[in-house]
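[1] Sequence and predicted structure below; questions after.
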Protein chains: 2
Amino acid sequence: MNWIQPLEQWIEEADRVLVVSHIHPDGDAISSTLAMGTMLQAMGKQVVMVNESPLPKKFAFLPGADEVKQVHEVSETFERVVALDCADRARMGACCELIAPGASVVNIDHHATNDSFGTMNIVQPQAAATAEILYDWIDQSRVGWNEKLATHIYTGLLTDTGGFRYSNTSPKVLRQAAKLVEMGISFHQIADQVLETVTLPQLRLLKAALGTLQQTDDGLVAWMKLAKADIANASHDDLDGIVNYARNILGVDVGILFREEQPQTVKVSLRSREIVDVGRVAKQFGGGGHARAAGCTVQGTIAEAEASVLAEIRSQLRSEAR
Amino acid sequence: MNWIQPLEQWIEEADRVLVVSHIHPDGDAISSTLAMGTMLQAMGKQVVMVNESPLPKKFAFLPGADEVKQVHEVSETFERVVALDCADRARMGACCELIAPGASVVNIDHHATNDSFGTMNIVQPQAAATAEILYDWIDQSRVGWNEKLATHIYTGLLTDTGGFRYSNTSPKVLRQAAKLVEMGISFHQIADQVLETVTLPQLRLLKAALGTLQQTDDGLVAWMKLAKADIANASHDDLDGIVNYARNILGVDVGILFREEQPQTVKVSLRSREIVDVGRVAKQFGGGGHARAAGCTVQGTIAEAEASVLAEIRSQLRSEAR
């Protein structure tokens, strides 16, 4: 692979490197950060790993996770930066302030929307995860595999493919996973920690949401609501995934979660299986996303948001039926 | 593999074959039944696929699922039988009555406890699923792969490894999965149907259970309760998995679900991560299982069962801490 030699050359020339990923880091962002940090350290470089946000607790078990700093803990700026899993510069959030003017930035990412913001751009949209790209490098590097790196890369593959369930799970990803399992990593514990673990606040929110579950007569749309009082103190991570309980009901095509962010502001999360393009629904309300997962913000009460979003979905279902 | 030739020879000699698996069939049981039925049909044999229990609705999408009969729909007996995923004859339940006295039975299974009840026994405890054994056969047979068979086998691998998360997920299983994905199966839809889909009764039970969630002060044990009124009309499948919500809480080692089967009879499901051997706990109450998953039935009220099971777990935790 002809991007490996320039990457290693760039590292060779570096002394101190900032390794950064995107805000609200997911498993691939964290794992790529840790794997890149581990590789650079093994190559004798000084490394600072940073993220704008604190790491979600469920990733605390990853080897090296305690070395990832939050942005306010770093005061210097860097001439050499590796940005991982970021489609554009803004995805790094406040970490951008740690990048010196004119710094050399390596941009390693798998998002098709990547705008090539780096000095060197290693962008592979066919990869399921940034960890998949790093796998190819580690596999050919003189550093080679160790359990720590294998754990990082497996975690990135696992999370960005939804536990090898999303349609981006290529035969290549499964073969990489097979190799990593063969190396003796604790893959069962990784999946348990990363995919199965829930927090008490998550279960409290789930219970509140389930208490409001409604479904249209034809069974195609199911929705739940969370009032402002329910989500007080809830984090981004706590709310993540709740909408799927509506979408996953047998026979449902569209699942929706309405949550009251402010008295007249309702955030709407939309998920669908195959009929309704929820990206189009969200767009009608000034939101965005894609056909299977989208979101928007509607001004008004929850009841008003419910009425208007359901009306839009019904109209799409009617035009689909034609 | 030297079991394939005798198996194909046995099939060659057969005219009509009964294909059967275990009661309360899971994904591997159903998928193995369908794959074996498909293979036998392709080899020109008359086939009756049967199960004691109706198939759970979430497996209805599998090609050929509507051809699997319930035991009361079959009136004849068979001289040639293939039993799949059954550790012993009793696992077939009432389907045993369809086996003629002196019939020739091929027993294909991956349970280490298999008692070799067949005339021919193809038992491979190192296999993660019966589907893994059938994969090896199909891969070498003259019938060869088609999308239907690939869908069956993938479903069996997926379900018996808990979505490639359990510790039985070998590199071999992942490589088989890679090959099946390469064949173009709708693996994303399979995972969605089989692993993500929930029913309204399941969500109702989950909500009721979450309303009773309690945790010990040290956070190590979490439990939930379902009263008789909650579980009226609930099926085996509806209750499946609810106990995991307690076990999966961050920091929890033991998760428990107490459910009132009768006014003085409480079923207790136990799951643990790594400290407490819940098999030993269940055994104290005349139940069974293994270290990470077990169950027992306690006579008394839910409050009494709660007190005695929690006391037993606390005593195990104390002896572990020593």
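    Thanks, I have the structure now.
[2] Every contact and neighbour count from this point should use C-alpha atoms.
    OK.
[3] got the residues of the stretch 151-300 of chain A near chain B?
    Contact residues (CA under 8 Å from any CA of the partner chain) of the stretch 151-300 of chain A with chain B: A:163-167, A:170-172, A:174-175, A:177-179, A:181-182, A:187-188, A:191-192, A:196-200, A:203-204, A:207, A:210-211, A:245, A:248-250.
[4] List only buried entries from these.
    Among these, those classed as buried by 16 or more other CA atoms under 10 Å in any protein chain shown are A:163-166, A:170-172, A:174-175, A:177-179, A:181, A:187, A:191, A:196-200, A:203-204, A:207, A:210-211, A:245, A:248-250.
[5] now, which of those lie within helices?
    A:171-172, A:174-175, A:177-179, A:181, A:187, A:191, A:200, A:203-204, A:207, A:210, A:245 (DSSP state H).
[6] Out of the residues you listed, the closest to A:Gly44 would be?
    A:Lys179 (26.5 Å; CA to CA).
[7] what distance separates stretch A:28-46 from the centre of its chain?
    Taking CA atoms, centre = their mean, to the nearest Å, one finds the center of stretch A:28-46 at 19 Å from the center of the full chain.
[8] Show residues contacting it.
    A:11, A:14-17, A:19-22, A:47-49, A:55, A:59, A:63-65, A:68, A:84-85, A:129-131, A:134, A:143, A:149, A:152-153, A:155-157, A:159-160 (CA atoms under 8 Å, 6 or more residues apart in numbering or on different chains).
[9] Find the helix or strand that A:Asp237 is a member of.
    Using DSSP states H and E, A:Asp237 sits within helix A:236-239.
[10] how about that helix: buried residues?
    A:238-239.
[11] Show me the longest strand that occurs in chain A.
    Taking DSSP state E as the criterion, chain A has its longest strand at strand A:99-109.
[12] Go ahead and produce CSV holding the CA coordinates of the helix or strand just after it.
    Proceeding N to C from strand A:99-109, the next assigned helix or strand is strand A:120-123, under DSSP H and E. In CSV, the C-alpha atoms belonging to strand A:120-123 read as follows (Å, rounded to 0.1, in the frame of the first residue of the first chain):
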residue,chain,number,x,y,z
MET,A,120,-1.3,14.4,4.0
ASN,A,121,-4.6,12.7,3.4
ILE,A,122,-5.2,9.0,3.9
VAL,A,123,-8.9,8.7,3.2
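[13] By mean pLDDT, flag the weakest helix or strand of chain A.
    helix A:236-239 (a mean of 84; mean pLDDT, DSSP states H and E).
[14] burial of A:Ser315, as a residue count?
    Each residue near A:Ser315 was counted by other CA atoms under 10 Å in any protein chain shown, and the total is 13.
[15] hang on, the earlier thing: go through the ones in helices among the buried ones among the residues of the stretch 151-300 of chain A next to chain B and name the one with the lowest pLDDT.
    Lowest pLDDT within those is found at A:Leu200 (92).
[16] Contact partners for it?
    A:Leu200 neighbours (CA under 8 Å, 6+ apart): B:249-250.
[17] how near is it to A:Val221?
    28 Å (CA to CA, to the nearest Å).
[18] Equivalent analysis for A:Thr169, please.
    27 Å.
[19] got it, and A:Leu195?
    Taking CA to CA, one finds A:Leu195 at 26 Å from A:Val221.
[20] Compare the two (neighbour count), which wins?
    A:Val221 (24 against 18).
[21] Could you find the closest non-adjacent residue to the more buried one?
    Leaving out its chain neighbours, the residue that sits closest to A:Val221 by CA to CA, 6 or more residues apart in numbering or on different chains is A:Val254, at 4.8 Å.
[22] To what extent is the one you found buried, counted in neighbours?
    Neighbours of A:Val254 (other CA under 10 Å): 29.
[23] try the one 10 residues further on
    Counted with other CA under 10 Å, residues neighbouring A:Gln264 total 13.
[24] Isn't it up against A:Ala303?
    No. Contact criterion CA atoms under 8 Å: A:Gln264 and A:Ala303 do not qualify, at 10.6 Å.
[25] Can you report phi and psi for A:Ile242?
    phi -60, psi -40 (degrees, to the nearest 10).
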